[in-house]
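Student: give me a model of this one.
(one chain, ligands or ions: 2)
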Amino acid sequence: MFSKYKKQAAKPATPAPQPAAAPAAAAAAPAASLRRPVQRKAAEAAPMDKERKRKERLSEIKIQLHRELLENLNLAALENAVEAELRSEIASIATEILAEKSIVLNREDRQQLNKELYDEVTGLGPLEALLQDDTVSDILVNGPQQIFVERSGKLQLSDITFKDEKHLMRIIDKIVSAVGRRVDESNPYVDARLADGSRFNAMVPPIAVDGSLVSIRKFKKDKLGIDDLVQFGAFTEEMAAYLQAAVSTRLNVIVSGGTGSGKTTTLNALSSFIDNSERILTIEDTAELQLQQTHVGRMESRPPNVEGKGEVSPRDCLKNALRMRPDRIIVGETRGEEVIDMLQAMNTGHDGSMTTIHANNARDGISRLENMIAMAGIEMPLKAVRSQISSAVNLIVQASRLQDGSRRMTSITEVTGMEGDVISMQEIFRFQRVGLTPDNKIIGHFTATGVRSHFSERFRLWGFDLPPSIYEPTVMEAR
Ligand SMILES: Nc1ncnc2c1ncn2[C@@H]1O[C@H](COP(=O)(O)OP(=O)(O)OP(=O)(O)O)[C@@H](O)[C@H]1O
Ligand SMILES: [Mg+2]
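Tutor: Ligands and ions are numbered 1, 2, ... in the order given. Here you go, the predicted model:
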């Protein structure tokens with residue numbers, strides 16, 4: 001057995017025979033185990049041996065050629081080169097070098113090599129093809145030999161690799177130096193934004209143990225809107241109508257969820273309900289939100305530079321934003337001391353503000369806010385903290401990435417006030433799981449909980465008269 005996250009060791013030609021004497025632990029297990037056999041698939045898209053060998057050979061030739069190409073190319077002229085010209089220039093230099101070295105390649109390999117060389121010289125090497133592939137939404141590199149990609153919610157091992165750690169480091173350097181940052185042993189991790197807007201994070205050895213780790217969240221030109229999300233089954237039309245009422249009537253909304261669960265996508269989609277006449281300020285670590293309104297001011301916080309200077313924290317941006325006369329403030333993610341200013345903004349005239357937090361459910365989300373306040377060094381009795389939270393936050397929308405890769409809004413919960421020392425909440429909609437298909441797809445449906453919104457009157461007064469039927473727990477068609 002081998003882990004699917006580990007490179008497969010050379011296998012014996014025939015399956016190893018079962019050892020005659022089972023190991024002690026196995027012997028102690030009952031003959032018919034209650035457990036399902038663990039399915040460990042060989043890395044999903046692992047290329048066949050022959051194909052891998054061909055790639056390795058090409059990769060070696062490519063590295064060799066690349067070095068020589070750099071010596072032969074006039075890099076200053078590169079900047080102004082027309083793509084077609086540059087491609088043909090690279091191809092002809094490559095042909096020359098190949099002839100010199102008496103390396104013979106077939107047409108297909110030569111074309112592939114020319115393409116890779118072009119990507120290597122002008123772009124981000126092996127990552128370039130993935131960045132250009134619109135079906136890929138995330139790229140996760142675990143050292144030079146393993147690149148996972150996410151397509152339609154599913155992570156797969158790609159057959160693309162770097163030659164070695166040095167090659168990977170060179171590409172990382174290229175990315176971070178383009179944005180004036182540095183990454184090395186003393187600054188082992190870095191956040192950056194690629195030229196196309198994609199979010200980039202890298203961590204290099206020795207902190208990354210088996211080679212550099214890179215994560216890229218690809219920038220989507222056309223962000224998923226409310227209609228797309230309804231169509232994908234992320235939530236229902238009824239939930240969308242409720243959310244429209246909530247955002248339009250300026251409830252303060254927190255989108256809670258795990259990593260990659262669709263928080264930013266949800267926040268972006270919700271923002272489409274904001275009226276075009278409002279002045280919106282957005283604050284993010286890496287600008288991802290794409291608001292459709294006219295009056296939008298976007299801010300991006302900045303980490304300290306190599307000398308530890310020049311930091312502009314999300315809190316600094318938020319404090320400044322309050323002096324910029326916003327109608328609403330949207331903070332990409334609240335994860336630190338900016339929570340204080342966020343809650344204050346929500347409490348003091350910037351109704352309709354929105355943010356995201358990392359939490360697994362609404363109750364967790366509240367605890368997370370409490371913890372952030374405690375970590376920010378604010379000494380306030382817990383009851384006062386809770387009362388501050390309960391009057392600031394109106395709605396918690398939970399985004400989840402389920403085990404089959406689908407992303408859904410698993411709960412919409414209202415914060416209704418305080419009961420004694422406890423924040424009271426009521427869930428209005430939820431995703432009800434009922435089972436699993438044989439191929440591990442989740443079966444379930446969205447349903448209202450039967451609880452009428454605490455804000456119904458407000459909705460009505462603002463002209464969003466939702467029919468009472470949307471609060472009825474109807475068992476909807478499984479999606
Ligand atoms: N309902 C959905 N259906 C299909 N794809 C989705 C859905 N919601 C989000 N995605 C896609 O999932 C990816 C992750 O989404 P998003 O960036 O919103 O997650 P996140 O929770 O903000 O992640 P992070 O924690 O890394 O900031 C994106 O590529 C996005 O386009
Ligand atoms: Mg996000």
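
Student: please save the CA atoms from the longest strand along the chain in PDB.
Tutor: In the chain, assigned by DSSP state E, the strand with the most residues is strand 422-436. Output of strand 422-436 as PDB, limited to C-alpha atoms (Å, rounded to 0.1, in the frame of the first residue of the first chain):
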ATOM      1  CA  VAL A 422     -25.700  33.800  25.000                       C
ATOM      2  CA  ILE A 423     -26.100  35.100  21.500                       C
ATOM      3  CA  SER A 424     -29.400  33.800  20.100                       C
ATOM      4  CA  MET A 425     -29.600  32.700  16.500                       C
ATOM      5  CA  GLN A 426     -32.100  31.100  14.300                       C
ATOM      6  CA  GLU A 427     -31.500  29.100  11.200                       C
ATOM      7  CA  ILE A 428     -33.700  30.000   8.200                       C
ATOM      8  CA  PHE A 429     -32.500  27.700   5.500                       C
ATOM      9  CA  ARG A 430     -30.300  24.700   5.500                       C
ATOM     10  CA  PHE A 431     -29.000  22.000   3.200                       C
ATOM     11  CA  GLN A 432     -30.300  18.600   4.300                       C
ATOM     12  CA  ARG A 433     -28.100  15.700   3.400                       C
ATOM     13  CA  VAL A 434     -29.900  12.400   3.000                       C
ATOM     14  CA  GLY A 435     -27.300  10.000   1.600                       C
ATOM     15  CA  LEU A 436     -24.600   9.200  -0.800                       C
END
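
Student: what packs against the next helix or strand along the chain from it?
Tutor: Using DSSP states H and E, the helix or strand that follows strand 422-436 in sequence is strand 442-448. Applying 3 or more C-beta pairs under 8 Å, 6 or more residues apart in numbering; DSSP states H and E, one finds that strand 442-448 contacts helix 237-248, strand 422-436. The way it works is simple: take the backbone N, C-alpha and C, and place the C-beta from them, glycine included.

Student: wait, does strand 442-448 contact ligand 1?
Tutor: No - using C-beta under 6 Å from any ligand atom, strand 442-448 never reaches ligand 1; the gap is at least 12.8 Å.

Student: which positions in that strand come out as buried?
Tutor: The neighbour-count check on strand 442-448 (16 or more other C-beta atoms under 10 Å) flags 442, 444-448 as buried.

Student: so for that strand, mean pLDDT?
Tutor: Taken as a whole, strand 442-448 has an average pLDDT of 94.

Student: quick check: residues of this structure near ligand 1?
Tutor: So the chain meets ligand 1 at 137, 153, 217, 220, 224, 229, 232, 234, 257, 259-265, 407 (C-beta under 6 Å from any ligand atom).

Student: which element is the residue of the chain found nearest ligand 2 on?
Tutor: Here the chain gets closest to ligand 2 at one residue, Thr264, 3.3 Å apart by C-beta to the ion. Using DSSP H and E, Thr264 sits within helix 263-271.

Student: got a list of contacts for that helix?
Tutor: The set of residues external to helix 263-271 that reach it, using C-beta atoms under 8 Å, 6 or more residues apart in numbering, is 223-226, 228-229, 234, 243, 247, 253, 255-257, 280, 288-293, 330, 332-333, 354-356, 397, 399, 407, 409.

Student: okay, now the unreliable bits of the stretch 1-150 of the chain?
Tutor: Counting by pLDDT under 70, the low-confidence segments of the stretch 1-150 of the chain come to 1-32, 39-48, 70-80.

Student: now the stretch 351-479 of the chain
Tutor: Checking the stretch 351-479 of the chain against pLDDT under 70 turns up 475-479.

Student: and the residue in it that ligand 1 sits nearest to, how far is that from Lys263?
Tutor: Closest contact between the stretch 351-479 of the chain and ligand 1, by C-beta to the nearest ligand atom, is at Arg407 (3.8 Å). Distance, Arg407 to Lys263, by C-beta to C-beta, to the nearest Å: 10 Å.

Student: anything in contact with each of these two?
Tutor: Contacts common to Arg407 and Lys263, judged by C-beta under 8 Å, 6+ apart, are Ala399.

Student: can you select the buried ones from the contacts of helix 263-271 in PyMOL?
Tutor: In PyMOL syntax, the buried subset of those is picked out as below (16+ other C-beta under 10 Å):
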select buried, resi 223+224+226+229+234+243+247+253+255+256+257+280+288+289+290+291+330+332+333+354+355+356+397+399+407+409
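
Student: just the helices and strands packed on strand 442-448: most buried one?
Tutor: Across those, averaging neighbours per residue (mean count of other C-beta atoms under 10 Å) puts helix 237-248 on top, at a mean of 20.

Student: distance between that one and the chain's centre?
Tutor: 25 Å (C-alpha atoms, centre = their mean, to the nearest Å).

Student: residues making contact with it?
Tutor: Residues from elsewhere that reach helix 237-248, judged by C-beta under 8 Å, 6+ apart: 226, 229-230, 235, 253, 270-271, 273-275, 352, 354, 394-395, 397, 409, 412, 428-429, 446, 448, 453, 455, 459, 462, 464, 466, 470.

Student: after it comes which helix or strand?
Tutor: Using DSSP H and E, the helix or strand that follows helix 237-248 towards the C-terminus is strand 253-257.

Student: which helices and strands does the helix or strand hosting Leu69 pack with?
Tutor: Per DSSP H and E: Leu69 is located in helix 49-72. Secondary-structure packing of helix 49-72 (3+ C-beta pairs under 8 Å, 6+ apart): helix 83-100, helix 107-122.
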